[in-house]
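Enquirer: return atomic coordinates for the entry below.
(chains A, B and C)
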Amino acid sequence: MYRSRAFAEWREFAAAGALQSLEIDELYETSQRYQTLLCPNCRQMTMENRHIGKSVPRKEGREKVTGSARYVDDLTFPQMIHGVTVRSSVARGKILGVRFGNGIPWNEFTIVTAKDIPGKNCVALLIEDQPCLADQFVNHPEEAVVLLAHPDKYLLEEARRAVHIDIEPLPAVFTIEDSLSRKHVIWGDDNIFKSYRVEKGDVASTWSGADFIVEGEYETGAQEQLYIEPQGMIARANPADGVTVWGSLQCPYYVHKALVRLFGLPKEKVRVVQTETGGGFGGKEEYPSMIAGHAALLALKSVQAVKMIYDRAEDMAATTKRHPSRTHHRTAVARDGKLLAMEIDFTLDGGAYETLSPVVLSRGTIHAAGPYACPNVLIQSRVVATNAPPHGAFRGFGAPQSVFALERHLDRVAAAVGLSPEELRRRNFIHEGQTLSVGQVIHEKVQMDKLLDRALELSGYHEKRERFARENPRNAIKRGIGFAAFLHGAGFTGSGEEYLASEAQVTATPDGKVRVLAGSTEMGQGTNTVFAQIAAEALGLECEQIEILQPDTSLVPNSGPTVASRTTMIVGKLVETAALAIKQSLLDAGFLKKSYTSSDFADACRQYTDRFGALQSLVKYQHPGDLHWDDGKYQGDAYGAYAWAVYVAEVSVDTRTAEVRVEDFVAVQEVGKVINPTLAAGQIEGGVAQGIGFALYENVIWQEGRMVNGQMTNYIMPTSMDVPPIRVFFEELPYARGPAGAKGIGELPLDGTAPAIVNAIAHATGADVRQIPVTPEKLMEMLEGVHA
Amino acid sequence: MRSYVPGYELQEPRNLAEALERMAREPGEWKPFAGGTDLMVLLEAGKLSHRKFLSIWKLPELRGITVTPAHVTLNALTTYSEIRRHELLAREFPLLCRAASETGGIATQNRGTLGGNIANASPAADSPPALLVYDAELELVSARGARWVPYHGFWKGYKQIAMRDDELIRAIRMPRNKSFSKQLYRKVGTRRAQAISKVCFAGAAQMDAGRIVDVRIALGSVAPTVLRAIETERMLRGEKPGLATLRAAEETLAREIAPIDDIRSTARYRLRVAQNLLAEFCESLAA
Amino acid sequence: MPEAARKIHVNCEINGQAMSLEAHPMARLLDVLREQAGLTGTKEGCGEGECGACSIEMDGALVNSCLIPALQAEGAKIRTIEGVAGAAELSAVQQAFLTHGGAQCGICTPGMILAAQNLLSHKSQPTQNEIREALAGNLCRCTGYTKIFESVLEACRVQRPRP
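Expert: Here you go, the predicted model:
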């Protein structure tokens, strides 16, 4: 196996995987250290992994299947009272006053307004423009103005109804058009939170020489994250001890930073603990800072523990959603299908405050031109303010919006040129050595055409394409099949990971138990299990011996937020490094031999800690020296690694009702290394289901900035009857810098699902759909147009 | 939970007679509460304006399905699950069974009752179109006695039924021995399961030598009440289902229904789909 | 503020144990289970009978506990997620959810398991379509349902009577 081959031979195999020589050395070092070969295309040389690549059962699975897992609403604290929020019903206006109605024993209540905020009245994030409680003005419906707390939940609800906020309305802005027109400036000088310009080559010079110019405008709507567990927090606060919150959240250190600012406290006096979290998907990235602040303000004033749990209606109405988007494509193509230029104009609706909009815009912008080698690209993008509750993080984070536009557009480009959709892609896929729109040179042996081949074969694409064309004319139910080709960058963009400077720690106790301390959160995606597998693999132990600490800012380091498909790839790597360092310490000290058992390991830990004290390793992220990003020009190495994918959707459209049904779905992706097949497939399947919702069902209906269909009856997510069997296939080209070669995958499925479905609908019916969600109402109108 | 729960009274009468007696003594004060699948949703949303309810859920007089040569009688607390499981209903009243299986999910079907559904009088209800097609009658009881009324015409307007404050629905009966050779039920909802209907179509026809001898067509979600498309039926009766007949029927239907734009769908979509389902029905008659 | 109605005592059997719980007659059974009985395994996801996170078995039928007033639980035999596993073992469904990835964030899992158990108590070897239909009232946002079906099928396989 590994040891029996000479390094030179190994190196030859590794070179066949086309890693750069620097990476091969690094890879070899790491392989040496834990006796596992990480080499592309050489799986036959790999020593049997004990845990990596195995479907180790979920670490906290037993608690989840027995109902003993404790989510925030399951917790009760002594003398705990409940809190609610009184919100604006007006989109924009000046607060004239607050009236408290009759019939409520107000003296029993804790009442908090902006005046009660000890620090700065803001929800600190990128900037501090969003108030925690509206003070003089409101800028969106459902903006929080007054907080109430009381021991009796029912009475509290009565009291909420009895608080009247008098607001003098101001003219409000509800659409991207109105915002850009600046008829009313509602934010900053010009309603624009952020804009970017990405330039490659010289787009302007290409139009006159182009054989074809294809234009199109594409739109995506808002999407509600709809985690089944609504937002919730419990808080305790007093001047002496500071503030502690427990709750449903993805990013404990984001909440920590926000509370430090809100209360004007030193860092050590704020503690944030993540409770078992019932889904996040980005919806619990930034919003928890708001609800934590509210619960804590009530806790401070009431001198009690305060629990604040949103019901579904409040959660839908008041919290973040995916940014609605509008993209304009103008593409110059040569007769042979080669893309000559892509001019892309990309706009997002950010809602009333900045929150994370610049970063969403960034990712959407960088992904807008896809996995294609186009010599001339111009992307101009902006995110604008409207008087709606701020839009925020949702899995994909800007990329689902721009990728939808691109992949729908390219099918139309193919048609204009007279090529099949797949042939157009083949002639333009990026290869190793070529550059993306931001100028990033691709250094890996990306094989998009092989992924495409495989996806089309697995889905029976060609046969179905031909059969449906034959059979559709005589059927009321039309069938179609379409695909999308895409990539998704893992980790924070550009210098983001460097800025985050994430840390993770591994500790071994005297009796040989291993603890992983990281700020990364488990919310169903498998963090706990994957970290345990990585650490166990590195240390040669069993997964059961690895304990993952509950994220508690008083105990674990800041590993950065649990977002951006970074947790396995970036933080998992820190965990791997820290675990290896523990092992190395024991080896170096002579307490452990190269081959050892669990009890040898425990003995070694005992000996080490007796002799030297604590056995722990805290690892900080080191930005690879060969990744360069220019924030000013928006050029360079945007992401350390990309996952590559082709998704194929088969649909049926009942022309009598314009209902679309996804009949089959094939998802093929290259992800570096699959650490846990069940968890990884689960991520793709779940993401595809969310993508199906994004494409077909999830329609937010707005009326003057307010979501009016904020009930699960009227905001439609797919049930078990609406989702086909989702067939998932992985390829592995190990990424040297990922743990065991893994890249990030969490967001990937949101990018390609909707355009694959819409391309399939276009194939089935001829309807040139440009907007999602494509509801039956909209499709019916298009079908009538098609036949007119 | 947006309601002040302690402010609601729910009491359990020992039997039907006691329930009716209390409703008669204070007309309008007490309302019947069956499975709760509609009322509890209103309670949660803070929209249950009435405060005093009598729980009739366990009253044995309101449970059970009886079959006689002339009728099938479903007592008011018959749940959707019970309808689905009943062999004779599946054979002789398949549209009602289809409707029951498309109402909510299993948990809703176990608690939702036919009587409750009728009393709630939503135009988007799934069973009423089937009941109309089957010429259902309702038995309304009060302390003063009982009366049978045809289900067709039971509505006076949006969510308004022709039932007095002191009455409740005891039973629903449907005549047997209808020889409908073709039947179609189609609910078009927001998704495949657990969906509120956008358009609901129930149709049944008796054919003879390719001619429509008798036909019943009922629709939900296209008017303030569930309705029988009487004019469309009249137009189709005696005809052979061909293209010209169908076009005329579609036009007649367009005049009979009054779909609206709302949170779930549009008037235009509902009209088009209602016509398309009518077409599907007529095409099945020609086959 | 309206007059408070008197609380009642609801006598029922929960997970094989006789219990007497004090509650307002219109209080949701969901809240009574979670707060008075301390059984927090049953979850609130929507409060409108749409998501099924609050699913329990009442007298053998699967129901949404957020839609049942406390008064109507009188005399009922109730099973919640806490009553699914025997004393030490996990049920076949629970075990399968563990090995086959049926649970991700876990919030829908108690209701989903109850729904699956309830299906299997009526039909021991359902088809995939029957499983889909039986679980259609339980929404899951994480899994896309695929591994939930695989878990239920695995439980069926394990429990299949040997010839």
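Enquirer: CA atoms for contacts and neighbours, from now on please.
Expert: Noted.
Enquirer: low-confidence ranges, the chain, go.
Expert: Answering for chain A, as no chain was given. Applying pLDDT under 70 to chain A picks out residues A:1-48, A:786-788.
Enquirer: the intended chain is chain C.
Expert: C:1-5, C:87-88.
Enquirer: which residues of it fall in strands?
Expert: Here chain C has its strands, by DSSP state E, at C:8-14, C:17-23, C:55-58, C:61-64, C:77-79.
Enquirer: and the first one, which strands flank it?
Expert: Taking DSSP bridges as the criterion, strand C:8-14 forms sheet pairs with strand C:17-23 (antiparallel), strand C:77-79 (parallel).
Enquirer: which residues touch the spatially most central residue of chain C?
Expert: Central residue of chain C (CA atoms, centre = their mean): C:Ile56, 3.2 Å from the mean position. By CA atoms under 8 Å, 6 or more residues apart in numbering or on different chains, the contact set of C:Ile56 is C:Thr42, C:Leu62, C:Val63, C:Asn64, C:Ser65, C:Ile78, C:Arg79, C:Thr80, C:Ile81, C:Gly111, C:Leu114, C:Ala115.
Enquirer: closest to chain B among the residues you listed?
Expert: Distance to chain B across these (CA to the nearest CA) is lowest for C:Val63, with 4.2 Å.
Enquirer: need the contacts of C:Ile56 in JSON lines (columns: neighbour count).
Expert: JSON lines is the format used below for these (neighbours: other CA atoms under 10 Å in any protein chain shown):
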{"residue": "C:Thr42", "neighbour count": "30"}
{"residue": "C:Leu62", "neighbour count": "27"}
{"residue": "C:Val63", "neighbour count": "27"}
{"residue": "C:Asn64", "neighbour count": "34"}
{"residue": "C:Ser65", "neighbour count": "29"}
{"residue": "C:Ile78", "neighbour count": "22"}
{"residue": "C:Arg79", "neighbour count": "22"}
{"residue": "C:Thr80", "neighbour count": "25"}
{"residue": "C:Ile81", "neighbour count": "25"}
{"residue": "C:Gly111", "neighbour count": "32"}
{"residue": "C:Leu114", "neighbour count": "29"}
{"residue": "C:Ala115", "neighbour count": "28"}
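Enquirer: interface residues of the stretch 301-450 of chain A facing chain B?
Expert: With CA under 8 Å from any CA of the partner chain as the criterion, the stretch 301-450 of chain A comes near chain B at residues A:Asp311.
Enquirer: most proximal residue of the stretch 301-450 of chain A with respect to chain C?
Expert: The minimum distance from the stretch 301-450 of chain A to chain C, using CA to the nearest CA, falls at A:Arg312 (5.1 Å).
Enquirer: about what we covered before: looking at the sheet around the residue nearest to the centre of chain C, what are its partners?
Expert: Here C:Ile56, judged by DSSP bridges, has bridge partners C:Val63.
Enquirer: gap between it and B:Glu102?
Expert: Distance, C:Ile56 to B:Glu102, using CA to CA, to the nearest Å: 21 Å.
Enquirer: same question, A:Ile52
Expert: Relative to B:Glu102, A:Ile52 is positioned 45 Å away (CA to CA).
Enquirer: near chain B, which residues of chain C show up?
Expert: Counting by CA under 8 Å from any CA, the residues of chain C near chain B are C:2-6, C:24-27, C:47-50, C:52, C:55, C:61-64, C:66-69, C:71-72, C:133-137.
Enquirer: what's the helix or strand for the closest residue to A:Glu229 other than its chain neighbours?
Expert: Using CA to CA, 6 or more residues apart in numbering or on different chains and skipping the chain neighbours, the partner closest in space to A:Glu229 is A:Gly278 (4.8 Å). In this assignment (DSSP states H and E), A:Gly278 forms part of neither any helix nor any strand.
Enquirer: which residues sit in contact with A:Gly278?
Expert: Taking CA under 8 Å, 6+ apart, one finds A:Tyr71, A:Tyr227, A:Ile228, A:Glu229, A:Pro230, A:Ser248, A:Met523, A:Gly524, C:Cys105, C:Gly106, C:Ile107 in contact with A:Gly278.
Enquirer: sec struct for the second one, please.
Expert: What DSSP: H, G, I helix; E, B strand; the rest coil gives for A:Tyr227 is coil.
Enquirer: for chain C, which residue gets nearest to chain A?
Expert: Closest contact between chain C and chain A, by CA to the nearest CA, is at C:Cys105 (3.5 Å).
Enquirer: for the nearest residue to that residue once chain neighbours are set aside, grab phi and psi.
Expert: Here the nearest residue to C:Cys105 in space, its sequence neighbours aside, is A:Gly524; by CA to CA, 6+ apart that works out to 3.5 Å. Dihedral angles of A:Gly524 (phi, psi; degrees, to the nearest 10) stand at phi 110, psi -20.
Enquirer: A:Gly524 contacts C:Cys142, correct?
Expert: Yes. With contact defined as CA atoms under 8 Å, A:Gly524 counts as touching C:Cys142 (7.2 Å).
Enquirer: how is chain C divided into domains?
Expert: In terms of domains, chain C is parsed into C:8-83, C:92-159 (source: automatic domain parsing).
Enquirer: so which of these is nearest A:His462?
Expert: Evaluated over the domains of chain C, closeness to A:His462 peaks at domain C:92-159, with 25.6 Å, by CA to CA.
Enquirer: follow-up on the earlier one: tell me, how many neighbours does the residue of chain C closest to chain A end up with?
Expert: By other CA atoms under 10 Å in any protein chain shown, the residues close to C:Cys105 number 27.
Enquirer: wait, it sits on A:Met523?
Expert: Yes. With contact defined as CA under 8 Å, C:Cys105 counts as touching A:Met523 (5.2 Å).
Enquirer: what residues does the stretch 151-287 of chain B put near chain A?
Expert: Proximity of the stretch 151-287 of chain B to chain A is confined to B:188, B:190-196, B:263-266, B:269, B:273, B:276-277 under the rule CA under 8 Å from any CA.
Enquirer: narrow these to those in helices?
Expert: B:Tyr269, B:Val273, B:Asn276, B:Leu277 (DSSP state H).
Enquirer: so which of those wins on neighbours?
Expert: Using other CA under 10 Å as the neighbour test, those are led by B:Leu277, with 25 neighbours.
Enquirer: quick one: pLDDT of that residue?
Expert: We note a pLDDT of 98 for B:Leu277 in this prediction.
Enquirer: what's the answer for the one 5 residues further on, then?
Expert: pLDDT, the model's per-residue confidence, is 96 for B:Cys282.
Enquirer: list the contacts for it?
Expert: Neighbouring residues of B:Cys282 by CA under 8 Å, 6+ apart: B:Pro241, B:Leu246.
Enquirer: show me where chain C has its helices.
Expert: Applying DSSP H to chain C gives helices spanning C:29-31, C:92-99, C:109-122, C:128-134, C:146-159.
Enquirer: can I get those in CSV with distance to A:Pro421?
Expert: Shown next, in CSV, are those (distance: least, CA to CA, whole Å):
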stretch, distance to A:Pro421
helix C:29-31, 52
helix C:92-99, 40
helix C:109-122, 40
helix C:128-134, 34
helix C:146-159, 29
